[in-house]
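In: return atomic coordinates for the entry below.
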Amino acid sequence: MHRLFPTPVSEGLPPVLAGPLLRRLEPDRLVLWLVGSAPLDLTLVLAPREGAPRRFPLDTRRCRVIRVGRHACVHLIDVALPEPLPQDTIIEYDLLITRGDGSEAGIAHWAPHLLHAGTVRPNMVLRSRSDNILFGSCRKPHHPAPDGLARADALLAEHIERADERPAMLMLCGDQVYADDVAGPMLAAIHALIRRLGLYGECLEGAVVADSEALYRHAASYYRREELLPAFKSNRALRERFFGGSEKPIFTTANAHNHLVTLAEVMAMYLLVWSPVPWQLVADAPPPALASRYAGRWRRESGALAGFRRDLPQAARLLAHVQTLMIFDDHDISDDWNLSAKWESTVYGHPFARRIVGNALVAYMLCQGWGNRPEMFGTALDGLAALADTAAPDGRLDAPAQDALVKRLLSFRQWGYVVRTKPTVIVLDTRTRRWRNRYRPGHPSGLMDWEALTELQHELLDETEAVIVSPTPMFGVKLIEVVQRIATFAGLALSVDAENWMAHRGAAGSMLNIFSHSRTPGNYVVLSGDVHYSFAYDVELRDSDRPPHIWQITSSGIKNEFPRRLLDWLDRLNRWLYSPRSPLNWFTKRRDLVFTPHLPDRRQHGERVWNGAGIGQVWLDAQGRPLRIVQHNADGRPSTRFLAPEQEPSLAAAAEQPLGKH
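Out: Numbers count the residues shown, from 1 in each chain. Next up is the predicted model:
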């Protein structure tokens, strides 16, 4: 029988498979993420433009290594600095690898694609204010649009030597990977990379396949994975709702037929979406045997992935130059993740489904969550390191230890975080702390429960300005919310992704009360993604003694788009049905709000929303109010600026200033 992990695995692997990614950056602390093909002897070099370079050997106090395969080691770098770094100036850095002969090799040697033209090392800027933010969500590799991260890198290259024009951060608002919507050629690359790196296998309780090797070999592993779920009538709802790829005619068709299952598959996906290096290791991997009906789909997906791979070196270079913070949304784990109490009981009540969700969450913790807030994950990392120790000698993880780690992460409640800059940036977990509908468990849960909302209010007390990152927009397109509400009452919440803040009366009311609290900020900027189109609203509360000013700014997707004709109609109907004087406004939960859209300057037919892959950017003034709101289009079109009504007369004179000052 052919085994997934041949013995021995050939050598000659590059030392670094992915990274470095710049994660949480502070004057007295730097957090970086890197994956090597072995544990690496690393030295961090920091070289401000003024002053001598500083060297920091990355010993076990500064770099924790988590092995996820025989030739794959995640390096979690967390360096406390004895002297703070200067802010608002360019700081070059390097990661030196000490080789067996004692010589050192830097990034220019082992990852030259991370260097901008004319530079010898990557660099970073620690901004004193978070008043220039790049943000976006939804990066699906096999979508045919170009990559918004590559577009952001091109903009950064124009200002690589201008510290005052560099963004303070790149905020990725969700769906950094699509664990539930995977192209066939991507799945083939994932399996080839698992073999090449010896990523650990696992047993699969409750599945029709016994373990990961059987899953990868099975005839239904490509485009038909729903057939591999337990074949019991009692699990019909599980098959339909978790893997069914059910038709969603109002929006789009969800595809879950290649849903990632194992921890190795999800880890391989992260390597392939963040670095061009792993693709070099699987370039010659043969395609699997497929039925002829999948041939056309395979060709289309292969073409889209070829474009993704062309853009990937630029995307990786961006992540090596800009502080990058992240938060999950559903596709990082699975479509409709925790949408309702009924979804949770169905999925978590079955060991196979629970493992699938848990594996994606373990990989999220290791590749995304840790870098946002390293101090919160020590115990979970201990569990993961202990789990990896169980993989020897057959390369398979211990099932009870894996289930224990999954159980721990499913009850973890510290995924959200706060960045104490000016303005304060508060990143919300809208997935794991939901306000469940106990009376109607099939209806959507509130995106945050009362306790989580109370904690949000506590973080906002006595702040004068705040940026809130909510993966799902707090204030979206009203017509779409109404359609979702109607579908919910018809029992079709799963079919229309009925997840919005207004779908749950308790969560919506509590959130609005927080905004109007006398000790919370007067100015809020809410950054969101999720919806696959971009827009900006100016929102005010009616009849409030101290009306807060809220700007809902949404950029989506980085590499994804809404069906164009459908969005045109929804946008047009929304303008007709919910004009300011429309009586229909009184039948919505937003009747106490006044909305003023910022209109895209490149609109042709009065659109309020913009449909196009790219990356968003917002500049803020000293009071935390937006000065400029821009969507940088990935397809090379000039950037789209969202203009407030008072800016309209100057529309024709609006100049392009891609990454620079407002």
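In: phi and psi next, for R413.
Out: The phi/psi pair for R413 (degrees, to the nearest 10) reads phi -130, psi 20.
In: would you agree it is in contact with R431?
Out: No - using C-beta atoms under 8 Å as the test, R413 is too far from R431 to be in contact (11.3 Å). Every C-beta, even on glycine, is put in place using the N, C-alpha and C of the backbone.
In: what about the two, which has more around it?
Out: More neighbours surround R431 than the other of R413 and R431, with 25 against 12 (other C-beta atoms under 10 Å).
In: I'd say that one and D329 touch.
Out: Yes - between R431 and D329 a contact is recorded at 7.0 Å, counting by C-beta under 8 Å.
In: between the two, which contacts overlap?
Out: Both R431 and D329 are in contact with P471, where contact means C-beta atoms under 8 Å, 6 or more residues apart in numbering.
In: counting neighbours, what do you get for the nearest residue in space to V531 that is not next to it in sequence?
Out: Residue nearest to V531 in three dimensions, not counting chain neighbours: S556, with 5.2 Å by C-beta to C-beta, 6 or more residues apart in numbering. Counted with other C-beta under 10 Å, the neighbours of S556 add up to 32.
In: same check on Q623?
Out: For Q623, the number of neighbouring residues by other C-beta under 10 Å comes to 12.
In: tell me the contacts of it?
Out: Neighbouring residues of Q623 by C-beta under 8 Å, 6+ apart: T464, E465, N523.
In: wait, isn't the residue nearest to V531 in contact with K140?
Out: No - counting by C-beta under 8 Å, S556 sits too far from K140 to count as a contact (11.1 Å).
In: list the buried residues for the longest helix seen in the chain?
Out: Counting residues, the longest helix found in the chain (DSSP state H) is helix 295-319. Buried residues in helix 295-319, counted by 16 or more other C-beta atoms under 10 Å: 298, 301-302, 304-305, 307-309, 311-319.
In: quick one: contacts of it?
Out: Residues from elsewhere that reach helix 295-319, judged by C-beta under 8 Å, 6+ apart: 18-19, 21-22, 113-116, 122, 141-144, 146-147, 149-150, 152-154, 156, 170, 183-186, 223, 274-276, 279, 287, 290, 559.
In: beyond that helix, next helix or strand please.
Out: Per DSSP states H and E, the first helix or strand lying C-terminal to helix 295-319 is strand 324-326.
In: and the closest residue to V419 other than its chain neighbours, what does it touch?
Out: Take V419 and drop its neighbours on the chain: the residue closest to it by C-beta to C-beta, 6+ apart is V425, 4.1 Å away. Applying C-beta under 8 Å, 6+ apart to V425 gives the contacts S130, M169, M171, L325, V418, V419, A466, V467, V469.
In: phi, psi of the spatially most distant residue from the centre of the chain?
Out: Centroid-distance maximum for the chain: D101 at 39.8 Å, with C-alpha atoms, centre = their mean. The phi/psi pair for D101 (degrees, to the nearest 10) reads phi -90, psi 10.
In: and the pLDDT for it?
Out: Here, the pLDDT recorded for D101 equals 92.
In: any idea how far S37 is from it?
Out: As judged by C-beta to C-beta, to the nearest Å, D101 and S37 stand 18 Å apart.
In: next: M269.
Out: Distance, M269 to S37, using C-beta to C-beta: 18 Å.
In: again, but for V125
Out: For V125, the distance to S37 (C-beta to C-beta) stands at 31 Å.
In: buried sites along stretch 275-286?
Out: Within stretch 275-286, the residues scored as buried using 16+ other C-beta under 10 Å are S275, P276, V277, P278, W279, L281, V282, A285.
In: ok, now stretch 109-116?
Out: In stretch 109-116, counting by 16+ other C-beta under 10 Å, buried: W110, A111, L114, L115.
In: spatially nearest residue to the second one (excluding sequence neighbours)?
Out: Spelled out, that is A111. Using C-beta to C-beta, 6+ apart, the closest residue to A111 is V16 (6.1 Å).
In: so that neighbour sits right up against L34, yeah?
Out: Yes - counting by C-beta under 8 Å, V16 does reach L34; the two are 6.3 Å apart.
In: so what sits against both of those two?
Out: Common contacts of V16 and L34, defined by C-beta under 8 Å, 6+ apart, comprise L40.
In: show me the shaky parts of the stretch 351-500 of the chain.
Out: Low-confidence segments of the stretch 351-500 of the chain (pLDDT under 70): 477-498.
In: okay, helices next: where are they in it?
Out: Secondary structure of the stretch 351-500 of the chain, counting by DSSP state H, counting those that start in this stretch: helices at 351-364, 370-372, 378-389, 399-410, 450-460, 478-489.
In: would you list those helices in CSV and tack on mean neighbour count and distance to Y216?
Out: Shown next, in CSV, are these (neighbours: other C-beta atoms under 10 Å; distance: least, C-beta to C-beta, whole Å):
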stretch, mean neighbour count, distance to Y216
helix 351-364, 23, 14
helix 370-372, 23, 27
helix 378-389, 16, 20
helix 399-410, 17, 17
helix 450-460, 16, 38
helix 478-489, 19, 37
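In: between these, which gets nearest to I629?
Out: Set against I629 and scored by C-beta to C-beta, the helices of the stretch 351-500 of the chain come closest in helix 478-489, at 19.9 Å.
In: burial count for P548?
Out: By other C-beta under 10 Å, 18 other residues sit near P548.
In: how about it, nearest residue that isn't a chain neighbour?
Out: Computed as C-beta to C-beta, 6+ apart, the closest residue to P548 that is not its neighbour in sequence is F515, at 4.7 Å.
In: pretty sure that neighbour sits against Q552.
Out: No - using C-beta under 8 Å, F515 makes no contact with Q552, being 11.5 Å away.
In: residues contacting the residue nearest to P278 when sequence neighbours are not counted?
Out: Leaving aside its sequence neighbours, P278 sits nearest to L271 (C-beta to C-beta, 6+ apart; 4.5 Å). Counting by C-beta under 8 Å, 6+ apart, L271 touches L17, A18, V35, A72, L193, P278.
In: L271 belongs to a strand?
Out: No - assessed with DSSP: H, G, I helix; E, B strand; the rest coil, L271 is helix; it does not lie in a strand.
In: i'd like the first residue to be 13 from this point on
Out: Sure, I'll start numbering at 13, so the last one becomes L283.
In: any idea how far D53 is from it?
Out: Relative to D53, and taking C-beta to C-beta, L283 is found at 21 Å.
In: next: L88.
Out: 16 Å.
In: isn't there a strand covering R640?
Out: Yes - according to three-state DSSP, R640 belongs to a strand.
In: how many neighbouring residues does it have?
Out: Residues lying near R640 (other C-beta under 10 Å) number 18.
In: which residues pair with it across the strands?
Out: W631 (DSSP bridges).
In: any idea of the pLDDT on it?
Out: The predicted local confidence for R640 is 97.
In: show me what counts as buried in stretch 74-85.
Out: So for stretch 74-85, counting by 16+ other C-beta under 10 Å, buried means R74, C75, R76, V77, I78, R79, V80, G81, R82, H83, A84, C85.
In: could you do stretch 525-537 as well?
Out: Applying 16+ other C-beta under 10 Å to stretch 525-537 flags I526, F527, T532, P533, G534, N535, Y536, V537 as buried.
In: which of the residues you listed lies closest to G626?
Out: V537 (18.9 Å).
In: that closest one: what secondary structure?
Out: V537 ends up strand, using three-state DSSP.
In: list the contacts of it.
Out: Contacts of V537 were listed using C-beta under 8 Å, 6+ apart, and they are P435, A478, V479, I480, I562, W563, I565, V630, L632, G636, R637, P638.
In: now swap in N645 and tell me
Out: Per C-beta under 8 Å, 6+ apart, neighbours of N645: R163, G624, A625, G626, S651, T652.
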